[in-house]
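Q: My questions are about this predicted structure, shown below with the sequence.
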Amino acid sequence: MMLKVISSGFLWGVGDIAAQYITHTTTRKRLQLSVRAEDFKVNWKRVAITSTFGFAFVGPVGHFLVCFTFPVSFPSGTTCGNGWPYLLGPLDLLVFFTYMGFSTGKNADQVKEDLKRDFVPALMLEGGVWPIVQVANFRYVPVRYQLLYVNIFCLLDSAFLSWVEQQKDAAWKQWLTSFTSFKDR
């Protein structure tokens with residue numbers, strides 16, 4: 001389990017650095033700033049916060065998700081599993097956006113507004129990717145390596161979620177959430 005926790009924390013931190021870099025370069029290009037005017041600097045506090053999410057939530061929950069979903073025998077002799085299925089995606093998004101909001105000093109109302117803005121677009125986009133990743137995972141990857149496989153995709157996912165959070169009220173988010181809102185119609 002410790003390897004899963006450490007790899008989760010590491011990969012989520014690297015994913016956040018990637019998201020910061022992507023946001024920086026796209027903003028620089030959009031605003032047509034020179035490289036010298038705006039050099040990229042990693043926000044290490046944000047990386048630490050995101051890594052902590054990987055260490056404290058994704059790693060342990062991912063470990064127990066595998067154990068509760070499938071009977072597993074590890075090389076250490078430990079076994080777990082009872083066949084209980086569990087769906088992590090929406091819970092992961094809810095915990096991630098809530099945790100990121102509170103850890104950056106936002107109050108409950110601000111976190112609630114951020115959830116309204118970020119949750120549905122992230123769920124819609126991830127909903128098209130993660131089922132494919134998981135079908136390949138459960139079909140082709142040995143059980144003892146399934147969390148490691150997922151963590152590699154979590155690297156991309158953490159970059160994506162960090163990027164989604166940095167986008168604030170981007171037009172694409174408003175467009176995606178317009179499909180789920182029928183109040184104005």
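A: Alright, I've got the coordinates. Numbers count the residues shown, from 1 in each chain.
Q: all strands of the protein, in order?
A: Listed in chain order, the strands of the chain (DSSP state E) span 72-73, 79-80.
Q: Go ahead and flag the most central residue of the chain.
A: In the chain, the C-alpha nearest the mean C-alpha coordinate belongs to Ser158, at 3.8 Å (CA atoms, centre = their mean).
Q: That one and Gly9 touch, don't they?
A: No: here Ser158 does not reach Gly9: they are 10.3 Å apart, not a contact under CB atoms under 8 Å. Glycine gets a C-beta too; all of them are placed from N, C-alpha and C.
Q: Please enumerate the shared neighbours of the two.
A: Counting by CB atoms under 8 Å, 6 or more residues apart in numbering, the contacts common to Ser158 and Gly9 are Gly54.
Q: Tell me who's in contact with the residue nearest to the centre of the chain.
A: Neighbouring residues of Ser158 by CB under 8 Å, 6+ apart: 11-12, 14-16, 19, 50, 54.
Q: Okay, it and Ser178: tell me how far apart.
A: According to CB to CB, to the nearest Å, Ser158 and Ser178 sit 27 Å apart.
Q: quick one, what contacts Tyr21?
A: Neighbours of Tyr21 in contact, by CB under 8 Å, 6+ apart: Phe40.
Q: List the buried residues for the longest helix along the chain?
A: In the chain, assigned by DSSP state H, the helix with the most residues is helix 2-31. Within helix 2-31, the residues scored as buried using 16 or more other CB atoms under 10 Å are 4-5, 7-20, 23-24, 28.
Q: pLDDT on it, on average?
A: For helix 2-31, the mean pLDDT works out to 82.
Q: got the phi/psi numbers for Lys41?
A: Main-chain torsions, Lys41, degrees, to the nearest 10: phi -130, psi 130.
Q: Pick the one among the contacts of Ser158 closest to Lys173.
A: Minimum distance to Lys173 across those is 15.4 Å, recorded for Ala19 (CB to CB).
Q: In this structure the closest one contacts Leu156, no?
A: No: using CB under 8 Å, Ala19 makes no contact with Leu156, being 10.1 Å away.
Q: quick one: common contacting residues for the two?
A: With CB under 8 Å, 6+ apart, Ala19 and Leu156 have no common neighbours.
Q: which one is Phe153 nearest to, not counting chain neighbours?
A: The shortest distance from Phe153 to any non-neighbouring residue, by CB to CB, 6 or more residues apart in numbering, is to Val133 (5.0 Å).
Q: and the one you found, how far is that from Met100?
A: Counting by CB to CB, the gap from Val133 to Met100 is 22 Å.
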